[in-house]
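Participant: output the structure for:
(one chain, ligands or ions: 2)
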Amino acid sequence: MRVRTRLVVFGAALPALALLLAVVAAGVVFRLSLLRALDRALLAQAAVESVSPFDGPQNAPHLHLGHSPLVDDVRSFAPREALYRATGELVAHFPENGRIPDPPAPGEGEGGPQLSTRTASDGRPVRALVVVVRAPWGEPYVLKLEGSLGELDATMRLYWQATLGLVALVSAVLFALQWAQAGRMSRRIADMTGYLPKLRGGDLEWRLPADGTGDEIADLRVALAEAMERLLLARDAQERLIANAAHELRTPLGVMRTEMDLALRKERSADELRQALAGARGEVDRLSNLAARLLDLAALGKVTWQRSEGDLALVVRDAAEAYEAEAEGRGLAIELDLPAQAPAEIDVQMIRQALDNYLSNAIAHAPSGSAIRVGLEQEGEGYRVTVRDEGEGVPAEEAERVFEPFYRGSKAKKAAGAGLGLSITRAIARRHGGKAYLVPREGRGAAFALWIPRRVW
Ligand SMILES: Nc1ncnc2c1ncn2[C@@H]1O[C@H](COP(=O)(O)OP(=O)(O)OP(=O)(O)O)[C@@H](O)[C@H]1O
Ligand SMILES: [Mg+2]
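Facilitator: Ligands and ions are numbered 1, 2, ... in the order given. Just a heads-up that it's a prediction; the model follows:
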C-alpha cells in the first residue's frame, strides 16, 4: 500500500467509518429509549383507564380520557383509545371523531399487556397496547391504546439529519487534510527516493534541498545528507590516496630507470655496476615498504575487526620489546612506564600496528644516545599511550598535517618512509573510538599520544 493510500485509509477512511458506526449505534439506542418512554406512557395511561371503566351510570363502560378536563393540556401524550367487548363489539372510544383503533384479534391481550408496533388503517405507524380488563360481573373487555410514532420518527429524522450531516462534514475535512498531508509527505519521500538513483549514477555533488519541518522525514534527510557528505569526503580522500600512491610509485621507478639507463649507456666496471645495483636495491626497498604500507591501509577497510578483551599494557610492552634491538643498534634506550595491567576491548594486532608506527618514527628521529619514553596511563574512560623522543620534534603548524597520508614533513629526507604510518595509526585509533594526536611540545623532541576507550559502545 502506498504511503498516501495508507494515510488516507488509516487517517481518514477508518476514523470516518468508526464515527459513522458510533452515530448509527447511538441512533439505535436513542430510538429504543424514545420507544421505551412511549411504552411507559401507554402503560401508565392503560393503568389509569383500567382502574374504573365501569363506574359510570348503569355500569356503562366508558373511557376517562374523553371526560378528562386536562385532555387539551395533555393532548400531545393522549393516545387513541378504544374499549371492545371480547366479541369485537366497540363499546367506547377516544377521541370522539377520527380514526378508531382496530378491533383486537381473537385472544389478543389475554396473556397480559401486549405492546407492538404496527401500521394503522390510515397507513401511519403506531405503537399499540392491548390489555384485557374484567368488568366487576366478570365479563372480559379489551382496552386498546395507540400512540402515534410520528413525533418519535420526526425526532429520529432530525437526529439522523444532524448527526449524519456532521459525520459527512467531519469525514470530508479529514479526507481533505489527510490527502493534502499524505501528498506532501509522499512528495518529500519521493524527493529522497529520486535522490538515490542519482547517487547510484555517481552524482555525489547533488544536494538534497533543506527541509525545515523538523520531523522524522527531515531527520532522515539530514542523515542522508550527512552520509553523502561523508561519502564525498571518503571518495575525495580515496582519490587523493590513489593519486598520491601512483605518484609515490612513479618516483622510485623513475629513479631506478635512470640508474639502469646510466649503467647500460656504456661499459661499466664491476664496482660501478654494483653501485648502480645498490641504488636500485634502495629504491626496491622503498617500493616494498610503500606496498606494505598500502596493504596496511587496505587492511583498515576490513569489515570485521577482531576486537576482544585484551591487555593494552601487554601490547605496549610487546611492541617496545620488539623495537629493543633496533633501538640499541642506534644507541637508543627505550624506557617504559606502564601499569601492571590495562584491560580494554581492542583489536590487539591493529593496536600493535598503531604503536609500531609511533615507535619506528621515534627511533628514526631520536638522536643517538637519547631515550625514548613510552608511558601508559588512565585518562577518562580509557587509556593514553604516549611515545616521546628527543629528536627534532614536529613544528606546531604541522601537528595535523603529519597525520595526512603521504605527508612526510617539511624537513623530510629523500629516503624517508612512505608518509603513511601516522595516518594508519589515526585510522586505527578512530576505529576503536579513540584518537591519535601530537601532544603540544613541552620541551625537546616529539610526543605522540594514542587514546583508546576501555570499551567501544
Ligand atoms: N617522532 C617524530 N619526530 C619528528 N617528526 C616526526 C616524528 N614522527 C613523525 N614525524 C614526521 O611526520 C611524518 C609522517 O610520519 P609517518 O609515520 O606518517 O610517515 P613516515 O614515517 O615518513 O613513513 P612510514 O609510512 O614509513 O611510517 C614523518 O615523515 C615526519 O616528518
Ligand atoms: Mg613512520
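
Participant: the closest residue to residue 113 other than its chain neighbours: neighbour count?
Facilitator: Using Cβ to Cβ, 6 or more residues apart in numbering and skipping residues adjacent in sequence, the residue nearest residue 113 is residue 131, 4.8 Å away. Every residue, glycine included, has its C-beta placed from N, CA and C. For residue 131, the tally of surrounding residues (other Cβ atoms under 10 Å) stands at 23.

Participant: residue 131 and residue 48: what is the separation?
Facilitator: Distance, residue 131 to residue 48, using Cβ to Cβ, to the nearest Å: 11 Å.

Participant: show me the beta-bridge partners of residue 131.
Facilitator: residue 143 (DSSP bridges).

Participant: so it sits against residue 50, correct?
Facilitator: Yes: between residue 131 and residue 50 there is a contact under Cβ atoms under 8 Å: 6.1 Å.

Participant: who touches both of those two?
Facilitator: residue 143 (Cβ atoms under 8 Å, 6 or more residues apart in numbering).

Participant: in the stretch 151-300 of the chain, where is pLDDT below threshold?
Facilitator: For the stretch 151-300 of the chain, no stretch is flagged by pLDDT under 70.

Participant: where exactly do the strands run in the chain?
Facilitator: Taking DSSP state E, the strands of the chain run over residues 80-85, 90-94, 114-119, 125-134, 140-148, 308-311, 333-337, 343-346, 371-379, 382-388, 435-438, 447-453.

Participant: wait, which of those is closest to residue 206?
Facilitator: Nearest to residue 206 among those is strand 435-438 (32.4 Å), distances taken as Cβ to Cβ.

Participant: what's that closest one packed up against?
Facilitator: With contacts taken as 3 or more Cβ pairs under 8 Å, 6 or more residues apart in numbering; DSSP states H and E, strand 435-438 sits against helix 421-431, strand 447-453.

Participant: quick one: mean pLDDT for the shortest one?
Facilitator: Averaged across strand 447-453, the pLDDT comes to 97.

Participant: wait, does it contact ligand 2?
Facilitator: No: judged by Cβ under 5 Å from the ion, strand 447-453 stays clear of ligand 2, getting no closer than 10.2 Å.

Participant: and the residue in the stretch 101-250 of the chain that ligand 1 sits nearest to, how far from residue 426?
Facilitator: Nearest residue of the stretch 101-250 of the chain to ligand 1: residue 248, at 10.0 Å (Cβ to the nearest ligand atom). To residue 426, residue 248 is 19 Å away according to Cβ to Cβ.

Participant: again, but for residue 379
Facilitator: Here residue 379 is placed at a distance of 17 Å from residue 426 (Cβ to Cβ).

Participant: just residue 134 next, same as before
Facilitator: Distance from residue 134 to residue 426, by Cβ to Cβ: 111 Å.

Participant: so which bits of stretch 142-162 are buried?
Facilitator: 142, 143, 144, 145, 146, 147, 148, 149, 152, 156, 159 (16 or more other Cβ atoms under 10 Å).

Participant: picking that back up, which residues does the residue nearest to residue 113 contact?
Facilitator: Residue 131 sits in contact with 46, 50, 109, 112, 113, 114, 142, 143, 145, where contact means Cβ under 8 Å, 6+ apart.

Participant: what's near enough to touch the most centrally placed residue in the chain?
Facilitator: The centre of the chain sits closest to residue 216, judged by Cα atoms, centre = their mean, with a distance of 6.9 Å. Listed by Cβ under 8 Å, 6+ apart, the contact set of residue 216 is empty.

Participant: quick one: the residue of the stretch 201-350 of the chain found nearest ligand 2 from residue 238, how far?
Facilitator: The nearest approach of the stretch 201-350 of the chain to ligand 2 comes at residue 293, 8.7 Å away (Cβ to the ion). Between residue 293 and residue 238 the computed distance is 16 Å (Cβ to Cβ).

Participant: more crowded one of those two?
Facilitator: Using other Cβ under 10 Å as the criterion, residue 293 and residue 238 rank with residue 293 on top: 22 against 11.

Participant: measure that one to residue 38 for me?
Facilitator: For residue 293, the distance to residue 38 equals 99 Å [Cβ to Cβ].

Participant: equivalent analysis for residue 364, please.
Facilitator: Taking Cβ to Cβ, one finds residue 364 at 107 Å from residue 38.

Participant: which of the two has more residues huddled nearby?
Facilitator: residue 38 (22 against 15).

Participant: what confidence value was assigned to that one?
Facilitator: At residue 38, the pLDDT recorded in the model is 94.

Participant: that one against residue 147, yeah?
Facilitator: Yes: contact criterion Cβ under 8 Å: residue 38 and residue 147 qualify, at 5.2 Å.

Participant: what touches both of these two?
Facilitator: Here residue 38 and residue 147 have residue 127 as joint contacts, going by Cβ under 8 Å, 6+ apart.

Participant: pull the distance from stretch 389-397 to the chain's centre.
Facilitator: Distance of stretch 389-397 from the chain centroid (Cα atoms, centre = their mean, to the nearest Å) equals 49 Å.

Participant: touching ligand 2 at all, that stretch?
Facilitator: No: Stretch 389-397 lies apart from ligand 2 when judged by Cβ under 5 Å from the ion; the minimum separation is 11.9 Å.

Participant: how about that stretch as CSV, C-alpha atoms only?
Facilitator: C-alpha atoms of stretch 389-397 as CSV (Å, rounded to 0.1, in the frame of the first residue of the first chain):
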residue,chain,number,x,y,z
ASP,A,389,61.6,11.1,21.8
GLU,A,390,64.3,13.8,22.0
GLY,A,391,64.6,14.3,18.2
GLU,A,392,64.0,17.5,16.2
GLY,A,393,60.2,17.3,17.0
VAL,A,394,57.3,18.4,14.8
PRO,A,395,56.5,22.1,14.3
ALA,A,396,53.2,23.0,15.8
GLU,A,397,51.8,24.1,12.5
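
Participant: and that stretch, what's buried?
Facilitator: Within stretch 389-397, the residues scored as buried using 16+ other Cβ under 10 Å are 389, 390, 391, 393, 394.

Participant: so who does the first one touch?
Facilitator: When the contact criterion is Cβ under 8 Å, 6+ apart, the partners of residue 389 are 362, 363, 365, 366, 370, 372, 373, 445, 446, 447.

Participant: highest neighbour count among these?
Facilitator: So for the contacts of residue 389 (other Cβ under 10 Å), the most neighbours sit at residue 362, 26 neighbours.

Participant: any idea how far residue 445 is from that one?
Facilitator: 8 Å.

Participant: what do these two both touch?
Facilitator: Shared contacts of residue 362 and residue 445, defined by Cβ under 8 Å, 6+ apart, are found at 388, 389, 391.

Participant: wait, residue 372 touches residue 360, no?
Facilitator: No: using Cβ under 8 Å, residue 372 makes no contact with residue 360, being 10.7 Å away.

Participant: residue 78 and residue 63 touch, don't they?
Facilitator: No: at 10.8 Å, residue 78 and residue 63 do not qualify as touching, with contact defined as Cβ under 8 Å.

Participant: between those two, which contacts overlap?
Facilitator: With Cβ under 8 Å, 6+ apart as the test, residue 78 and residue 63 both reach residue 94.
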